[in-house]
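Give me coordinates for this.
(2 chains)
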Amino acid sequence: MNPFSPANHLILVILTPLVGALAAWLLGSRGVSAVRQSAAVTTLITLTGAVLLILRALPAVSAGHAFAVSEGPWLVDGPFDIRFSLGLDGLSIWLFGLSALLSVTAVMVSWEAIKEKPVGFYALLLILESAMLGVFAARDVMLFYVFFEFTLVPLFFLIGIWGHDDRRRAAVKFFIYTLAGSVLAFLGLLTIVLWNASHTGTLSFDIAKLTAGLAAHPLPMDARGGWLQWWVFLALFAGFAVKVPIVPFHTWLPLAHVEAPTGASVDLAGVLLKIGIYGFLRFSLPMLPEATAAAAPWILGLGVIGILYGALVALAQSDLKRLIAYSSVSHMGYCVMGIAALEPVAVEGATLQLINHGLSAAGLFALVGMIYERYHTRSIANLGGIAARAPWLAFMFLLFTFSSIGLPGLNGFVGEFMVLLGSFQRAWSGVAFEWRSSYLTMAVASVVGVVLGAWYMLWAVERVFFGASRQPPADHGHAPPSSADHGASGDDSHGHGGHGDGGHDHGPAAAEPTDDLRWYEWAALAPLALFVLWIGLFPATFLAPSAAAVRTAMAPGAAAFAARMGAVHGSPLPQTAQADAATTLPGAAIVPSDPPLTAGFERIP
Amino acid sequence: MQFSVANLLVLVPLLPLLGAVCTVLLGRRLGPRAHLPAVAGIGAAAVVALLLLLVTANQVGGRHADPTHPVESVEMISTLWQWATVVDARSGDLPAAEAGVPMAPGTAVSGGTFSVPIALRLDPLTATLLMVITGVGLLVAIYSIGYMHDDPGSPRFFALVAMFVFSMSMLVAASNFLLVYVFWEAVGACSYLLIGFWYTKPEAARAAKKAFLVNRVGDFGLAIAVFLLWMTYGTLNFHDTHLADGTFVEGILGQTRIADEAGYVAGAVGTAICLLMLLAACGKSAQMPLHVWLPDAMEGPTPASALIHAATMVTAGIYLITRSAPLFMGCPGALTMVSIVGATTALVAALIATVQNDLKRVLAYSTISQLGYMFVALGTGTMLGFTAAIFHLVTHAFFKALLFLGAGSVMHAMGGVIDMRRFGGLRHVMPITAGTFLVGAFALAGVPPFAGFFSKDEILASLHAKAHPEAHGSDHAAAGSAGERPRDLAGGAGLVANVPVRPFRPGSMITRVSLSDAHDVSPEAHGVSPEKVGLDALDHPSTWRLLFWMSLLTAGLTAFYTFRAVFMTFTGPVRIPKEAGHHAHESPPAMTNPLLILAALSAFSGLVLFVTNALSNFLAATPSLTAPAVARTAVPHVFHWDIAIQGTLAAAIGIAVAAIGHLGRRSDSPQMERYLGPLGALFANKFYLDQIYAALIVKPLEALAMVTAFFDRAIVDGTVDAIGQVPLAWGSAIRRMQSGLVQRYALAGVVGVLAIVLALAWQLRP
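Take a look at the predicted model:
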């Protein structure tokens, strides 16, 4: 067997962090620096492996195929057919890469922050990385669920042990809330498996087989079938909505973020929130198209509410980290909205927005951590004038802020724009007449979020980075910033100061930038900044490989929506028209199996 | 990519970008030469822009002698790369077969491929603006060498200025609406960073944030306008494109559609698009009600104010509307709104400027007012109006940059003091600054033969023509009036309950109806009465008469506040504030030379451009202005004596009043506004608009945010915690099962789930 076959490559990438965790444990006696170095090396090796794998995978994935598929029997006995099945496709490829990238960031931001029990911390961080990579690579429902739950445990301990004052409560709330949701989701997935088994005879847990099976025999969506599809959809929704999080299931998130150590926040905001949307795309849309279509307007509404609600709550925050946590709630609203719009532009935009938010939120949380390291506060009221003392830190914060508020040329704009464009398109021409005005209202309201988003972020930037420099409260052992003279010179009120006199200046250069970024902080942020620019300028690089898979995933949902809601006023669409709608979709052509989209409404269990 | 002249266009934005990147990379290593990369980049870009201007002018050639002869449009497109492509971006649409809309032959429907090329265009409008941007940019950059020479942040300043020149050139060179939106925000970001350049000053940081947010409100309009354009026309490109699969897409402002009399939607959708664009233009060009950010933006370094907040960025709104002229021509109501907004802004800003004591704020309000003038001209929807607006844009760029740089020179010498009451008689101290400022003031006040006189005259003439259509011959009568516009048939239909809903695809929105055709395509069209309804009813000669008089009044006020500032600053006894120290002398040559060049341009450019009529003829070949609806309004080039006399008289009265009040007096002596009574307070407080916005928008939103945050904490999270208590209550009953270890709970959960699985598996066993 070729040890460098794609399948082995993928398995190696997923296992590397586990080996690294073991190495960290063995090196534990040599002290903090040996442990963190080994963790950094591990994440870098994993990242290199992941990048190489993605490069190998791109041609196949762009064509809409899965890559690096491996299938080991895990529990294949009697009716059970659970396999250790891994692989990458267009939905998962960038999230997989993002997980590998942000793990490096997570280690780097913990470099000086974690001094207590470093072995446990880095080992858990690496186990978490393995689990994150596994979630996106899993091609088997059982394996997906195992990895999914496995992300919770390390994070629970990371928050509970290395967190801030209220860490216990935050960890427990995070764990119980997510677990409650995910158990429901698991029940939903099991029902799917069993329904499929009742038609095929084997208890297959393979996601591809399930998708095909449910396309051939959809879950019943009427009273005679007990509305089973609805119930399954709601169960999945419970799990994924908590994870995203969709308002009003979001309250665990700010608490968890505020209490979590920076490294855990980076992974939590950057990757773990994405699993919710990924789950919708992977399971709900292709497997439960009718229920998804029926729920789409309400989910879209929740997305819009999330955008506005998250922005408004963010506006009222006094803690910088909490503010960014609520901005995550707001920004994930765009992803929810994009998925629920069921338009190709919007769904592709939403999948890209997952990556975008992963980069910008991770960058912002990392920067908040760096500020906390320096000044031991996150209170916006107690911070001020950091730009003068740490110009590059301020620059990076501004860059990620601009990315987050969707400034064109940076990544956030691309996804946001595509989502909004798709939503308008759906509102304008893709819904039945009686829905049009509510859809248009929602679309316009979501654009208001763009204004609010700029408001709270720039307000925070103004307070924290600009203005007169403030002496931060008690600073343990850190180099005291040379800012006293600056605070004094803040009062020469008018513009340009004139020459010489040595008297006053306004620039940052005069202040000693003693608090500026250190090398490991550069290592944490620079790669993210690079991708922020890359995606902003050449989004096609990242859109094209996912396009085919996204189309395939959304095609059944979009067709069901067209049949249900896109119809002309009053008359339900006849079967033929539905077929037309389906075949005009490019996604339908990509689905390789027998034409499933129009069959199977008549089937009653 | 093959070499062509059009590809040279790339260099105009690229060179300043390189300058910015070099400045950032080399940073402090450049030391006192931090300005070099930026100045070199912008300078080289100016040379290329000049070359492109000549090339374009050559292409336009001598086709202008006869105004009745249809002008051929000139455009060159250079595509760099595909930004994003989503093939067949629409789903859930109705099957094509159901679309019962009669599609005129030759209609190209793209199939909704969302394909955005990074494409640049070169046409007369773009060439003109590129020249202004890089030319004024270069002069401002040179001036800044002197102005910023001992500011420690100067590398950052020059990098930002170069970055701005890049963004602004891209904005006017972009050939699709998405790119326009991209750089619309990019110039806003540059502006944000430059206003907040001295970020340790809280006022500067606050002003920067305010500018960005107010602009975001405008961007909100532009974003929705772009979405509507995409859904109406199925493309965002200006130019006609051939997609990779061979499909032909009619660009929104492409040759094909422009030549088509009925290529544009009107009615509700068309008007909505135009009004949203107007909102965007109001944000960027500081028109009411979104003008409040510009005066505060004066917290930035003065050269940045000159370049961004006077000469170039704030004219983006005028560019957008001129570029979109064919879209506006179908919606006379929206066009009239442009003029109404412009005239109101011009008058209100001029009134506020009369009582300001901060020299830069006088100029800021003057900028708002002059931009309003340009809007008034655009709103006439005639060839004369559009070219007059751009003409005024060009001359205004010269004289307003001159005035700002002059103010900067004063501020530089006065040690940062800019309150006119604290200095006076400066013509003795800084003669070059005083002389050039006076030239700029003459130009701004519209005194013949300075530049502003001619461009303002054309604006007033275009208004006069709309106000008195009978006096200006039959050509004017048709200008932008209802007779020639496509009617709304499908446009608003979807939003009105009783009208049958038409399935919609990109491109199908445009129901092509040409009233000149013998057979009407659509029977509904016959029922439409020629009476104008709704917003369109505003387009009436009496409206235009009112606007004309408002503009004439504004002209008088402009002359008054300009010369009030001149007299307060430069005449009277010499007084110098103590902050000036030993700096109270003329500025260095790096600063005065740009002043002299700009003074020459302010003095003569108007006369030259008016006598030769070169600019108008040149601009007429811009694709957007060759649209038949615009082109047929072209009139022979004449000098309007009657209007010139009225304008000059207004300016003379204004200057005379200013002289009575301020010439030769101490600038801290009692002001003329004491005669204004309560009006003086109204003007001095800027009509209380900041306070009104705070009370009506900012405070309520902040309150709402607090309420929402409370709701989040108490209700949403409270409910979750309450639910969390339920198991605990149970637990007190069965406490022994509760070890408190979360792992064990998880285990229990998994075991339970497995039990259910097994039970179900047993049930469903084959």
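
So for the chain, which residue is the most central one in space?
In the absence of a named chain, chain A is used. Among the residues of chain A, the one closest to the centroid is A:Lys274, at 2.9 Å (Cα atoms, centre = their mean).

my bad, the chain I had in mind was chain B
Note on chain B: the residue nearest the mean C-alpha position is B:Gly317, at 2.3 Å, using Cα atoms, centre = their mean.

just checking, what packs against the helix or strand that residue falls within?
Using DSSP states H and E, B:Gly317 maps to helix B:316-323. The contact analysis (3 or more Cβ pairs under 8 Å, 6 or more residues apart in numbering or on different chains; DSSP states H and E) places helix B:316-323 against helix B:124-147, helix B:154-173, helix B:177-195, helix B:267-284, helix B:359-379, helix B:383-413. Backbone N, C-alpha and C define where each C-beta goes, glycine included.

Out of these, flag the one nearest B:Cys22.
Ranking the helices and strands packed on helix B:316-323 by proximity to B:Cys22 (Cβ to Cβ) places helix B:154-173 first, at 8.6 Å.

mind saving the C-alpha coords of the closest one as PDB?
Provided in PDB are the C-alpha atoms of helix B:154-173 (Å, rounded to 0.1, in the frame of the first residue of the first chain):
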ATOM      1  CA  SER B 154       4.800  61.500   7.700                       C
ATOM      2  CA  PRO B 155       5.600  58.100   6.200                       C
ATOM      3  CA  ARG B 156       2.100  57.000   7.200                       C
ATOM      4  CA  PHE B 157       0.700  60.200   5.700                       C
ATOM      5  CA  PHE B 158       2.300  59.800   2.300                       C
ATOM      6  CA  ALA B 159       1.400  56.100   2.200                       C
ATOM      7  CA  LEU B 160      -2.200  57.000   2.800                       C
ATOM      8  CA  VAL B 161      -2.200  59.800   0.300                       C
ATOM      9  CA  ALA B 162      -0.800  57.500  -2.400                       C
ATOM     10  CA  MET B 163      -3.300  54.800  -1.400                       C
ATOM     11  CA  PHE B 164      -6.000  57.400  -1.800                       C
ATOM     12  CA  VAL B 165      -4.900  58.400  -5.200                       C
ATOM     13  CA  PHE B 166      -4.900  54.700  -6.100                       C
ATOM     14  CA  SER B 167      -8.400  54.100  -4.800                       C
ATOM     15  CA  MET B 168      -9.800  57.300  -6.400                       C
ATOM     16  CA  SER B 169      -8.300  56.500  -9.800                       C
ATOM     17  CA  MET B 170      -9.700  53.000  -9.600                       C
ATOM     18  CA  LEU B 171     -13.100  54.400  -8.600                       C
ATOM     19  CA  VAL B 172     -13.300  56.600 -11.800                       C
ATOM     20  CA  ALA B 173     -11.700  54.000 -14.000                       C
END
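
residue ranges for the strands of the chain, please.
Assuming you mean chain A. Along chain A, the stretches classed as strands by DSSP state E are A:67-77, A:80-88, A:203-204.

sorry, should have said chain B
Under DSSP E, chain B gives strands at B:76-86, B:114-122, B:241-242, B:248-249.

looking at those, which is buried most?
With neighbours taken as mean count of other Cβ atoms under 10 Å in any protein chain shown, the strands of chain B reach their highest mean count in strand B:114-122, at a mean of 24.

Next, count neighbours for the nearest residue to A:Leu359 once chain neighbours are set aside.
Excluding the flanking residues, the one nearest A:Leu359 by Cβ to Cβ, 6 or more residues apart in numbering or on different chains is A:Leu528, at 5.0 Å. The tally of other residues near A:Leu528 (other Cβ atoms under 10 Å in any protein chain shown) stands at 27.

before we move on, the earlier item: could you dump the strands of chain B to a markdown table with distance to A:Pro79 and mean pLDDT?
A markdown table is the format used below for the strands of chain B (distance: least, Cβ to Cβ, whole Å; pLDDT from 0 to 100):
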| stretch | distance to A:Pro79 | mean pLDDT |
| --- | --- | --- |
| strand B:76-86 | 43 | 72 |
| strand B:114-122 | 46 | 79 |
| strand B:241-242 | 57 | 70 |
| strand B:248-249 | 55 | 70 |
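
will you turn the ones you listed into CSV that also has distance to B:Thr395?
Below are the strands of chain B laid out as CSV (distance: least, Cβ to Cβ, whole Å):
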stretch, distance to B:Thr395
strand B:76-86, 27
strand B:114-122, 23
strand B:241-242, 36
strand B:248-249, 38
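
contacting residues for the closest residue to A:Ala547 other than its chain neighbours?
Leaving aside its sequence neighbours, A:Ala547 sits nearest to A:Glu348 (Cβ to Cβ, 6+ apart; 6.1 Å). By Cβ atoms under 8 Å, 6 or more residues apart in numbering or on different chains, the residues touching A:Glu348 are A:418, A:543, A:546-547, A:550, B:86.

Just name the closest of the residues you listed to A:Val69, please.
A:Val69 lies nearest to A:Ser546 out of the contacts of A:Glu348, by Cβ to Cβ, at 17.6 Å.

That closest one touches A:Gly90, doesn't it?
Yes. A:Ser546 lies in contact with A:Gly90 (Cβ atoms under 8 Å); the separation is 4.1 Å.

Are there residues contacting both of the two? Which ones?
By Cβ under 8 Å, 6+ apart, A:Ser546 and A:Gly90 have these common neighbours: A:Val61.

What score does B:Val522 have for pLDDT?
Slight slip there: residue B:522 is Ser, not Val. B:Ser522 is assigned a predicted lDDT (pLDDT) of 40.

now swap in A:Val51 and tell me
A:Val51 is assigned 93 on the pLDDT scale.

Let me know the pLDDT of B:Ser154.
According to the prediction, B:Ser154 has pLDDT 83.

Torsion angles phi and psi at the nearest residue to it once chain neighbours are set aside?
The spatial neighbour of B:Ser154 that comes closest, neighbours along the chain excluded (Cβ to Cβ, 6+ apart), is B:Met148 at 4.4 Å. Here is the backbone geometry of B:Met148 (degrees, to the nearest 10): phi -100, psi 10.

coming back round to it: is it possible to get the helices and strands packed on helix B:316-323 out as a markdown table so that each row also shows distance to A:Pro391 and mean neighbour count?
Putting the helices and strands packed on helix B:316-323 into a markdown table (distance: least, Cβ to Cβ, whole Å; neighbours: other Cβ atoms under 10 Å in any protein chain shown) gives the following:
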| stretch | distance to A:Pro391 | mean neighbour count |
| --- | --- | --- |
| helix B:124-147 | 20 | 26 |
| helix B:154-173 | 9 | 27 |
| helix B:177-195 | 13 | 25 |
| helix B:267-284 | 29 | 25 |
| helix B:359-379 | 27 | 28 |
| helix B:383-413 | 25 | 28 |
